[in-house]
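> here is my input; please provide its structure:
(chains A, B, C and D)
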Protein chains: 2
Amino acid sequence: MNRLTLEEIARLSGVSRSTVSRVINDHPNVKPIVRERVQQVVQETGYQPNQAARTLAGRRSGFLGLFIPSSVKVIFDDPYFPRLIQGISKACNDNDYTMVLFVLHSPEEEERLYPKLVRTQLVDGVVIAHTQVGDRLIPKLVADNIPFVVIGQPDVDTASYVDTDNLVGSYAVVAHLVRRGYKRIATITGPMTTVSGQNRRQGYNKALHDRGISIDDSLVVEGDYTEEGGYSGMLTLLPANPDAVFVASDTMALGAMRALRGADKRVPADIAIVGFDDLPSAAITEPPLTTVRQPIQRAGIQAVETLIDIIENGPLPPRRIIMPTEFVIRETSERAS
Amino acid sequence: MNRLTLEEIARLSGVSRSTVSRVINDHPNVKPIVRERVQQVVQETGYQPNQAARTLAGRRSGFLGLFIPSSVKVIFDDPYFPRLIQGISKACNDNDYTMVLFVLHSPEEEERLYPKLVRTQLVDGVVIAHTQVGDRLIPKLVADNIPFVVIGQPDVDTASYVDTDNLVGSYAVVAHLVRRGYKRIATITGPMTTVSGQNRRQGYNKALHDRGISIDDSLVVEGDYTEEGGYSGMLTLLPANPDAVFVASDTMALGAMRALRGADKRVPADIAIVGFDDLPSAAITEPPLTTVRQPIQRAGIQAVETLIDIIENGPLPPRRIIMPTEFVIRETSERAS
DNA sequence: ATGAAAGCGCTAACAT
DNA sequence: ATGTTAGCGCTTTCAT
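Residues are numbered from 1 along each chain as shown, chains lettered A, B, ... in the order given. I've put the predicted structure just below:
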């Protein structure tokens, strides 16, 4: 184990502790020759400053928290999170921060761990993954004056966030379906307790509205972003006889397609399906799924960079970043016309 | 933000810093009445000890690292990691540790971040996710005297690890296929650079051998745990005319089934398929996939508990924990007989 | 059972 | 440009 201290390095390079500290922290006012000599010693010894001591003496810890509320559990079984985590970890690594992961498994745990997150002063800031509407977390963070960025638009408008362009993404889907001549375009929405669910629904509404098509309530059913939800949503929709369904997530689209197989409906001949997310599995469904790609990984990177900006330059004004989506046309939306 | 200190709490409760410290750390030798009074104050104020100061003064940091080597990237797109992380985070939360996540995106990054992990003394121990054969990481951890536990059996036998019972799991699959009367049982293995790949292959070999069936090399093809790998593996296998294939991961099984659809082979009528992992998607393939369930989440929990044991009681002897698997028979292995 | 006091290894203000 | 010094907030002997 490492037992080297600043003091030791100072002795070995024949300077004082402070000088070594300056070299390590890239402060000016060190003679180049001296700087080089110290760096030499650091190199040779493999010295690494003790993180706890730094944190205690300085102000920053070098830790960024990723906070995953318990309400997110639903989503945890799909590849969304690995990707988000990849983006976040990449950005942390590149910016010399270390990522602390708080996965909360229940509201009680959330309650219990929150003080640990905040009050022990162990993170410089935190990225919040997908809050529900009405989440009490964000106001708390504001009150505690912790720098934070939310992934996915929250329901408070003072918070900084990074979101994908759900509105435009879903609008494009429905516009395309209309253009392709589908007449009874249904949707299985995300949960209305999420802003993303609301926004994707709104894109659906707006696209129809802009084309003078009125919303038929029997063609709209609320889902929950799970495969099972997509399955039962499709079952609910079937009697209304849709000829196309915009499903607000790929995972649900998988469920919807399963329901369709059970009902002996062919995709896209009898009914078109479009998803949202572009999960890896979307490319390998039978037939391949038309969907909306969102740059999850880049959103993670963006969130970290934004957070660092806030940490270093203050929270005002709130940063609002919308990542563009990409409409990926495969086969489930393309019936022979 | 929190600016409460031990000193402050001491003042408020009319005792000394040391006494408060004792109360907080559950040390004996505090009069019950005093203890209660202090706890009262801590409650009311919402005081939380500063983590950095604790780490610096004491010996432990309360952080556990989860280290994900860059070689793991392949796996990161399937639901394996979310589950592992869920298990690990649960165990951390329950044992009052905080989880630090190191996701390495390249060997260079691995090299660069390793010292940060170890030398800054910021973690009390580390869980290593799935090393490749010949990984240099484990020897380094040993040399640096860092408590660690590996998920998945490593290729060094002095390390503590938690693994699923790959041998028994795959043995059960092949034994079942033989029992069901399949004659030309093939396998798409995992990468031979992983111990899990080797072990699953070995289970296949042993099951056939025990039944006096010799291995036909044209029925064995090496995969890489990706969907694409399963697809091309199946294509390679087809000319050898297997009537059943044990595919060493569900993700590859998905690819294999896709290849089969392309070749107009029916599952299981023409060819049986069995996977390994029991991912959520296994239950909703067409038809549902027979597979081997491994308790990933529990493995994560087990790993953390083992790590804590090592931290507190020393690394000797190496702990080796094998988690049982469960054979899940669905439809892809059950042709009408 | 409690308090006083000495660090833990670093940063940063201050002095030179 | 460099060194001296005073903490950061806690744990942990050592006294009492």
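
> for A:Arg335, which three-state class applies?
What DSSP: H, G, I helix; E, B strand; the rest coil gives for A:Arg335 is coil.

> domain ranges for chain A?
A:6-49, A:60-164+A:296-323, A:166-294+A:327-333 (automatic domain parsing).

> helix or strand: which one has the nearest residue to A:Gly233 once chain neighbours are set aside?
Nearest non-adjacent residue to A:Gly233, counting by CB to CB, 6 or more residues apart in numbering or on different chains: A:Ile188, 3.9 Å away. Yep, even glycine has a C-beta here, placed from its N, CA and C like the rest. Per DSSP states H and E, A:Ile188 falls inside strand A:185-189.

> shouldn't A:Gly275 be in contact with A:Val292?
Yes: contact criterion CB atoms under 8 Å: A:Gly275 and A:Val292 qualify, at 7.4 Å.

> the more surrounded of these two?
A:Gly275 (32 against 28; other CB atoms under 10 Å in any protein chain shown).

> wait, what's in contact with A:Pro154?
Contacts for A:Pro154 (CB atoms under 8 Å, 6 or more residues apart in numbering or on different chains) come out as A:128, A:131, A:135, A:138, A:161, A:195.

> same question for A:Arg180.
Residues near A:Arg180 by CB under 8 Å, 6+ apart: A:244, A:272, A:333-335, A:337.

> with A:Ile128 instead?
Counting by CB under 8 Å, 6+ apart, A:Ile128 has contacts A:67, A:69, A:137-138, A:141, A:148-151, A:154.

> is chain B within reach of whichever helix in chain A runs longest?
Assignment by DSSP state H gives helix A:296-313 as the longest helix of chain A. No: against chain B, helix A:296-313 shows no contacts by CB under 8 Å from any CB of the partner chain, the least distance being 10.6 Å.

> tell me which residues of that helix are tucked away?
A:296-311 (16 or more other CB atoms under 10 Å in any protein chain shown).

> out of the residues you listed, the closest to DNA strand C would be?
A:Ile311 (13.9 Å; CB to the nearest atom of the strand).

> now A:Gln86: how far from A:Tyr97?
As judged by CB to CB, to the nearest Å, A:Gln86 and A:Tyr97 stand 15 Å apart.

> and of the contacts of A:Ile128, the nearest to DNA strand D?
Using CB to the nearest atom of the strand, the contacts of A:Ile128 come closest to DNA strand D at A:Leu141, 20.5 Å.

> and the helix or strand hosting A:Ile128, how far out from the chain middle?
In the assignment (DSSP H and E), A:Ile128 maps to strand A:125-129. Relative to its chain's centre, strand A:125-129 lies at 10 Å (CA atoms, centre = their mean, to the nearest Å).

> next, the angle helix A:296-313 makes with it.
For strand A:125-129 against helix A:296-313, the angle by axes from the mean of the first three to the mean of the last three CA atoms, to 10 degrees is 150 degrees.

> and strand A:125-129, average pLDDT?
The pLDDT scores in strand A:125-129 average 94.

> run through the bridge partners of the residue nearest to A:Gly233.
Here A:Ile188 sits in beta bridges with A:Val221, A:Val247, as judged by DSSP bridges.

> isn't it right next to A:Leu237, touching?
Yes: here A:Ile188 lies in contact with A:Leu237, judged by CB under 8 Å, at a distance of 7.0 Å.

> which neighbours do these two have in common?
A:221, A:245.

> show me where pLDDT drops low in chain A?
Flagging of chain A using pLDDT under 70 yields the residue ranges A:1-2, A:72-77, A:337.

> near DNA strand C, which residues of chain A show up?
Residues of chain A lying close to DNA strand C (CB under 7 Å from any atom of the strand) are A:3, A:5-7, A:17-18, A:21, A:24-25, A:49-50, A:53-54, A:56-59.

> please redo it, this time with the cut-off set to 10 Å
A:2-10, A:16-25, A:27, A:29, A:47-60 (CB under 10 Å from any atom of the strand).

> elements contacting the strand holding A:Ile188?
helix A:166-179, helix A:195-210, strand A:220-222, helix A:227-237, strand A:244-247 (3 or more CB pairs under 8 Å, 6 or more residues apart in numbering or on different chains; DSSP states H and E).

> touching it from outside, list them.
Where contact means CB under 8 Å, 6+ apart, the residues beyond strand A:185-189 that reach it are A:174, A:177-178, A:197, A:200-201, A:204, A:208, A:213, A:219-223, A:229-230, A:233-234, A:237, A:240, A:242-248, A:252, A:256.
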